[in-house]
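Novice: what's the 3D shape of this:
(2 chains)
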Protein chains: 2
Amino acid sequence: MKIAVDAIGGDFAPREIVLGAIDACREFDAEVILVGIEPEIRQILAQHDTAGLKLEVHHASEVIAMDEHPANAVKRKKDSSLVVANQLVKRKEAAAVISAGNTGAAMSASLLYIGRIPGIKRPAIASPMPTRTGVSVLLDAGANADCDPDNLVQFAIMGSIYAEKVLGLPEPKVGLLSIGEEETKGNKLTVETHQLLKEAPVKFIGNIEGRDVHRGSCDVIVCDGFVGNIVLKLSEGLASILFGQIKDAVRTNPLATLGGLLMKPAFAGLKARMDYTEYGGAPLLGLNGISIISHGSSNAKAVKNAIRAAIKAVNEDIVGKIKSEVRSLTDQKDEGENNG
Amino acid sequence: MKIAVDAIGGDFAPREIVLGAIDACREFDAEVILVGIEPEIRQILAQHDTAGLKLEVHHASEVIAMDEHPANAVKRKKDSSLVVANQLVKRKEAAAVISAGNTGAAMSASLLYIGRIPGIKRPAIASPMPTRTGVSVLLDAGANADCDPDNLVQFAIMGSIYAEKVLGLPEPKVGLLSIGEEETKGNKLTVETHQLLKEAPVKFIGNIEGRDVHRGSCDVIVCDGFVGNIVLKLSEGLASILFGQIKDAVRTNPLATLGGLLMKPAFAGLKARMDYTEYGGAPLLGLNGISIISHGSSNAKAVKNAIRAAIKAVNEDIVGKIKSEVRSLTDQKDEGENNG
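Specialist: Below you'll find the predicted structure:
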């Protein structure tokens, strides 16, 4: 199976993207197609020993910038690395696509070329979140700013499949992010969704609150894309501010500086546990294929781990499992309607 | 001016509430009415020298528990400390009310007995948020799970008045919490609100994202009560988990433990900057009087500072200023309609 990687997307592209691909080929024998401006990619490859690695380069002449209008850019730049990488999946020349570039454009391109699974109303970005005890998956992390209860139920089902099969969390517990534990607490969307989730084929544990998000009290956190995006960016922002303030505090006097030095290894462990690069990227679930959106500031390690996640998602047939779950739900509904 | 304090509400009531009231009377000559079961309050007062302090006790025989249904409890328990404290404001026997008890019940009681300012559709909880550079005020922090654009514009106006007059932030900058800086980014609510805020009598700086919340990039953060409540609880939860993990990390080996000891004063400074007790409590803005909701786990310091904030809000005539701002907005609208 070949994984198409947009080599030009991301803050540290193409260098870190190419290095991550090399590492993936070396460490777990991945087959990677690097898509982008060929001379640039070749130049980086030439600095490394890539003999025997299953690495191809597929030329694409255009680049979509981080600040371009997503849908317009995808329509206009047919020979961009992002569009070409997605077309490879469409033509079955690659089993999955990964991009660390413009998130909106990555979504547009995947929707356009890979398409949705029939029955899935809205694909969602499923973002792995480090927690006190391990990792949870939060969805939607920003694909759909306005959602209805049916969307959220589908997110719960897709997130459960991904959490179990790719993140290795058996019988994943699903929590609905709201503003109180009682089922009557929340906004119209969550109060209605709560009732539907009680009947859904997932292990629903009820509402969770903001304070529970990082506690690891559930494996799948369900919310609309507006809330999810704020949760994600707030968490990243606050953690980075707190670590920054600790650094500043350490500098205030020599004793504190010495203390900081002595604590360094302990801090390193803590930071590693909070490290999003461990999980590589966030899949766009609900597509008729695998598309993984990596963090804009992805380094080689993040890219390598995104490739690992993509391979796992293909091997575990995530798409097929979502399809059959959606099908059986639709069948049940039809039966219910016929009987009712 | 007398401040009515619900002495029975809160995790550490009545002791910490009474101690906070004593401190407020001592430190800034406050006049406080402690409302609740008189013998319990007197017992604590008797252990301290309260001679010369302007402290009264007003008996109320009932208690509303933290987990009671807000509206029902307020209707049923007419002689609860919370209801009686709000009635004192209604009868002009107190200038403001403070409670650290059941938040929903505090809102219900204040709405019922103090009432809304004419023209204000929905009062909002304005929660002070410690940031990297100081403090911002976030509203709505949970009073209204579903909002419309007009609600959010009123929140921006009320929050600006509070930030300037009580928190001492001159010409407060207003940010709309959304999922992208561009005005077209967001959900239906924020995209529509963005346009209205451009015309509103506030210093609107545009959308902010989750990562900006704790950066101090604006003084007033506007969002609906669902998002606001999640932001608040997520921030508290994540900060506490990170501090906990640092503690755990420090314990891993003797060198790190020594390091932690050396860093203790620096950490204390950091924790103080993150300390919500500095700001005392969150006012319910839009009421025809001052009602401050304190954190459930308020200690004496939080209560003292809530009393300080209440006095400032009364002295600065926050209610009058909100009234005249709403009136001039309504006049403008009428004029526009008559001319149009």
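Novice: doesn't residue A:305 make contact with residue A:27?
Specialist: No. Residue A:27 is not in contact with residue A:305 according to CB atoms under 8 Å; the separation is 10.2 Å. (Each C-beta comes from the backbone N, C-alpha and C, glycine too.)
Novice: the more surrounded of the two?
Specialist: A count of neighbours by other CB atoms under 10 Å in any protein chain shown puts residue A:305 above the other of residue A:27 and residue A:305, at 23 against 11.
Novice: would you confirm that that one contacts residue A:292?
Specialist: No. Contact between residue A:305 and residue A:292 fails when scored by CB under 8 Å: they sit 10.0 Å apart.
Novice: quick one: common contacting residues for these two?
Specialist: Counting by CB atoms under 8 Å, 6 or more residues apart in numbering or on different chains, the shared contacts of residue A:305 and residue A:292 are A:280, A:281.
Novice: any idea of the mean pLDDT in stretch A:310-330?
Specialist: Mean per-residue pLDDT for stretch A:310-330: 92.
Novice: helices and strands of chain A: which one bottoms out on pLDDT?
Specialist: In chain A, the helix or strand scored least confidently by mean pLDDT, DSSP states H and E is helix A:254-273, which has a mean of 70.
Novice: and the next helix or strand past that helix?
Specialist: Proceeding N to C from helix A:254-273, the next assigned helix or strand is strand A:282-285, under DSSP states H and E.
Novice: CA atoms only for that next one, dumped as CSV, please.
Specialist: Written as CSV, here are the backbone C-alpha positions of strand A:282-285 (Å, rounded to 0.1, in the frame of the first residue of the first chain):
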residue,chain,number,x,y,z
ALA,A,282,-6.2,14.0,12.6
PRO,A,283,-8.1,11.8,10.1
LEU,A,284,-11.0,13.2,8.3
LEU,A,285,-13.6,10.5,9.1
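Novice: so is whichever helix or strand comes after that strand next to chain B?
Specialist: Per DSSP H and E, the first helix or strand lying C-terminal to strand A:282-285 is strand A:290-293. No. Residues of strand A:290-293 contacting chain B under CB under 8 Å from any CB of the partner chain: none, with a closest distance of 14.8 Å.
Novice: which residues does strand A:290-293 contact?
Specialist: A:86, A:89, A:95-100, A:103, A:106-107, A:110, A:114, A:125, A:280-284, A:306, A:309-310, A:313-314, A:318-319.
Novice: just those: which are in helices?
Specialist: The members of these that map onto helices under DSSP state H are A:86, A:89, A:103, A:106-107, A:110, A:306, A:309-310, A:313-314, A:318-319.
Novice: between the residues you listed, which is nearest chain B?
Specialist: Nearest to chain B out of these is residue A:103 (CB to the nearest CB; 10.2 Å).
Novice: ok, the closest one - contacts?
Specialist: Contacts of residue A:103 by CB under 8 Å, 6+ apart are A:70, A:125, A:142, A:293, A:296.
Novice: please repeat the previous calculation with a cut-off of 6 Å.
Specialist: residue A:293 (CB atoms under 6 Å, 6 or more residues apart in numbering or on different chains).
Novice: who in the stretch 101-250 of chain A is up against chain B?
Specialist: The stretch 101-250 of chain A comes close to chain B at residues A:132, A:145-146, A:179, A:187-188, A:209-211, A:213-214, A:226, A:229-230, A:233-235, A:237-238, A:241-242, A:245, A:249, as judged by CB under 6 Å from any CB of the partner chain.
Novice: which of those are buried?
Specialist: The neighbour-count test (16 or more other CB atoms under 10 Å in any protein chain shown) marks A:132, A:145, A:179, A:187, A:209-211, A:213-214, A:226, A:229-230, A:233-235, A:237-238, A:241-242, A:245, A:249 as buried among these.
Novice: quick check, central residue of chain A?
Specialist: Against the mean C-alpha coordinate of chain A, by CA atoms, centre = their mean, the closest residue is residue A:282 at 0.5 Å.
Novice: please name the bridge partners of the closest residue to it other than its chain neighbours.
Specialist: Distance criterion CB to CB, 6 or more residues apart in numbering or on different chains; nearest residue to residue A:282, sequence neighbours excluded, is residue A:127 at 4.1 Å. Assessed by DSSP bridges, residue A:127 has beta-bridge partners residue A:138.
Novice: hmm, residue A:283 and residue A:127 touching each other?
Specialist: No. Residue A:127 is not in contact with residue A:283 according to CB atoms under 6 Å; the separation is 9.1 Å.
Novice: could you check which of those two has the larger neighbour count?
Specialist: Shown here are residue A:127 and residue A:283; by other CB under 10 Å, residue A:283 has more neighbours (29 against 24).
Novice: how near is the nearest residue to residue A:95 once chain neighbours are set aside to residue A:24?
Specialist: Nearest-residue entry for residue A:95: residue A:1, 4.2 Å, with adjacent residues in sequence omitted and distances by CB to CB, 6+ apart. Counting by CB to CB, to the nearest Å, the separation of residue A:1 from residue A:24 is 12 Å.
Novice: the more surrounded of those two?
Specialist: Taking neighbours as other CB under 10 Å, residue A:1 and residue A:24 compare with residue A:24 leading, 29 against 12.
Novice: show me how far the host helix or strand of the more buried one is from its chain's centre.
Specialist: Assigned by DSSP H and E, residue A:24 falls within helix A:15-28. Offset of helix A:15-28 from its chain centre (CA atoms, centre = their mean, to the nearest Å): 19 Å.
Novice: dump it to CSV, restricted to CA.
Specialist: Output of helix A:15-28 as CSV, limited to C-alpha atoms (Å, rounded to 0.1, in the frame of the first residue of the first chain):
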residue,chain,number,x,y,z
ARG,A,15,12.4,19.4,4.7
GLU,A,16,10.6,18.0,7.7
ILE,A,17,7.9,16.3,5.5
VAL,A,18,10.6,14.5,3.5
LEU,A,19,12.6,13.5,6.5
GLY,A,20,9.5,12.1,8.2
ALA,A,21,8.7,10.1,5.1
ILE,A,22,12.3,8.7,5.0
ASP,A,23,12.0,7.7,8.7
ALA,A,24,8.7,6.0,8.1
CYS,A,25,10.2,4.0,5.2
ARG,A,26,13.2,3.0,7.3
GLU,A,27,11.3,2.2,10.5
PHE,A,28,8.3,0.4,9.3
